[in-house]
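**Student:** have a look; sequence and predicted model below, questions after that.
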Amino acid sequence: MLNQEIIRSIIVETPSKPGYFAKVATAIGEAGCHIGDIETIRNGTMSTVRNISVHCERAEQLDAVISTIRNLPEDVQIHAITDDVLRAHEGGKIEMKSRIDVRSLRDLQQIYTPGVASVCLDIQANPEKARYFTSIGNSVAIVTDGTAILGLGDIGPVAGMPVMEGKSVLFNQFVGISGIPILLDTSDPDTVVETVKHIHQGFGAILLEDIGSPHCFEIEERLKKELPIPVMHDDQHGTAVVTLAAVLSACRAANVDITQAKIGQIGLGAAGQAICRMMMAYGVEEVYGIDRQEAALERLRNYGGKTLASLEEVMSTCDIIIATTGVSGLIKPELVRPGQIILALSNPNPEITPDDAIQAGAAFAADGRMVNNAIGFPGIFRGALNAGAKEITYPMLVAAATAISDYTRAGELIPNPLDPNVHVVVARAVELAAQND
């Protein structure tokens, strides 16, 4: 659902007079770009220096912004243009660090030989103790073959490593889990499954990430059957959890009973299929989908969903529309029915903008910028590990989505993923669901 976006920081000095910063902002907007963060570096009597984060879809737009600002009056100056995204990745974003300080011979003997031998023998006699005496119970393997990296496609596992490191950072910061990237140079389901089976003993759970469709379905299903630890493909179920939470919030805002609504899913890739299954798991009886691929339609029917023949039929039949196609402008305003809820989740260019959907009569509309799956997977895995769960089930996923929606404040679609409490709430809900499952 994500397409590439260019982000640059432009350090600009303007006179400390009304209207000058507005000229800079206008230059950014007229080029079709967006302003992100604005940091005031220096606020002086004569001039003000700001670090402005500029988000563009194309390099030509960024060039136009820079050219326009440089052609403003001489007292408006660009001091630097930096790529803070690349800078943040220098040297990688993660590292493995010891939790123990070794400052004496006694410390060394306790954490290594000879003292460690007694711990090894204890685990040999009772393998379950490895969860407590090693990092296994707090580690998640982040496994990718690099075939579906964001919206970039099959760029390979090494090029996808920054995404895996990003997952690891979020695991660590939000819920204290050690996420370990595993890069596989094969997409063959048999080889992927066998490889993960051979290494799984070193981890408490497996997160499958950015593995393309359709082989992602076979890989996840086989691993879930053959491994005694939780396995989840985040592109499917993490996205579906957050989408269900968003739909629940939208239904609450629009006074719609989701269980009585007809839900239409446009696009049946990994995310689309999982969203349909999540809606059915929640109790929605009429879930419809469309896709250009007959194999995708058949897969949805095998899961218990229904299919329709065209985009027009989905729009005319369904009360809630969810789109994950990556096709900008796919949904024309004239197809929108009054009172519909529309979540066009392709990012940054949705199938229809929220403004256009609302103007066409939708009761509620949102795009992919408002739905971030970083709010789901950390708490889901934290809860599963805390519970000692052997698998991640639909009751656990529904519990996560419900917890996110219940935590959402009025006027919001989902909570801010940087709110640490939301991850605690999700983890508790998942742990409780696992215990009751």
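**Tutor:** Received it, and whenever you're ready, just let me know what you need.
**Student:** the closest residue to residue 307 other than its chain neighbours: what's it in contact with?
**Tutor:** Nearest in space to residue 307, with sequence neighbours left out and distances taken as CB to CB, 6 or more residues apart in numbering, is residue 297 at 4.6 Å. From N, CA and C alone the C-beta is placed, and that goes for glycine too. By CB atoms under 8 Å, 6 or more residues apart in numbering, residue 297 lies in contact with 268, 289, 290, 291, 307.
**Student:** JSON lines for those residues, including pLDDT?
**Tutor:** Output for those, formatted as JSON lines (pLDDT from 0 to 100):
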{"residue": "268", "pLDDT": "95"}
{"residue": "289", "pLDDT": "96"}
{"residue": "290", "pLDDT": "96"}
{"residue": "291", "pLDDT": "95"}
{"residue": "307", "pLDDT": "96"}
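**Student:** surely residue 197 touches residue 227?
**Tutor:** Yes - if you go by CB atoms under 8 Å, residue 197 and residue 227 touch, sitting 6.6 Å apart.
**Student:** now for the residue nearest the centre of the chain: which residues touch it?
**Tutor:** Centroid-nearest residue in the chain: residue 373, 3.1 Å away (criterion: CA atoms, centre = their mean). Applying CB under 8 Å, 6+ apart to residue 373 gives the contacts 234, 238, 239, 241, 242.
**Student:** now with 6 Å?
**Tutor:** 238, 239, 242 (CB atoms under 6 Å, 6 or more residues apart in numbering).
**Student:** what does the worst-scoring helix or strand of the chain on mean pLDDT rub up against?
**Tutor:** Within the chain, judged by mean pLDDT, DSSP states H and E, the helix or strand with the poorest mean is helix 84-89; its value is a mean of 83. Residues from elsewhere that reach helix 84-89 (CB under 6 Å, 6+ apart): 7, 9, 162.
**Student:** quick check: the first one is in a strand.
**Tutor:** Yes - membership of residue 7 in a strand is supported by DSSP: H, G, I helix; E, B strand; the rest coil.
**Student:** count the neighbours of it for me.
**Tutor:** As a burial measure, residue 7 scores 16 neighbours (other CB atoms under 10 Å).
**Student:** next one: it, what pLDDT does it get?
**Tutor:** On the pLDDT scale, residue 7 is placed at 91.
**Student:** contacting residues for residue 405?
**Tutor:** For residue 405, the contacting residues are 245, 248, 249, by CB under 6 Å, 6+ apart.
**Student:** ditto for residue 287
**Tutor:** Contacts of residue 287 by CB under 6 Å, 6+ apart are 263, 276, 279, 280, 305.
**Student:** filter those down to the ones in helices?
**Tutor:** 276, 279, 280 (DSSP state H).
**Student:** quick check: domain ranges of the chain?
**Tutor:** 6-89, 105-229, 235-437 (automatic domain parsing).
**Student:** centroid-wise, who is the farthest residue in the chain?
**Tutor:** Outermost in the chain, CA atoms, centre = their mean: residue 105 at 45.3 Å.
**Student:** quick one: classify residue 274 as helix, strand or coil.
**Tutor:** helix.
**Student:** per-residue confidence at it?
**Tutor:** 95.
**Student:** how much space between the residue nearest to residue 307 and residue 50?
**Tutor:** Using CB to CB, to the nearest Å, residue 297 is found at 51 Å from residue 50.
**Student:** list the buried residues of the helix or strand where the residue nearest to residue 307 lies.
**Tutor:** Using DSSP states H and E, residue 297 sits within helix 294-303. Within helix 294-303, the residues scored as buried using 16 or more other CB atoms under 10 Å are 296, 297, 299, 300.
**Student:** confirm that residue 35 sits in a strand.
**Tutor:** Yes - assessed with three-state DSSP, residue 35 lies in a strand.
**Student:** burial of it, as a residue count?
**Tutor:** Neighbours of residue 35 (other CB under 10 Å): 14.
**Student:** mind checking pLDDT for the closest residue in space to residue 334 that isn't next to it in sequence?
**Tutor:** Nearest non-adjacent residue to residue 334, counting by CB to CB, 6+ apart: residue 360, 7.2 Å away. With respect to pLDDT, residue 360 scores 95.
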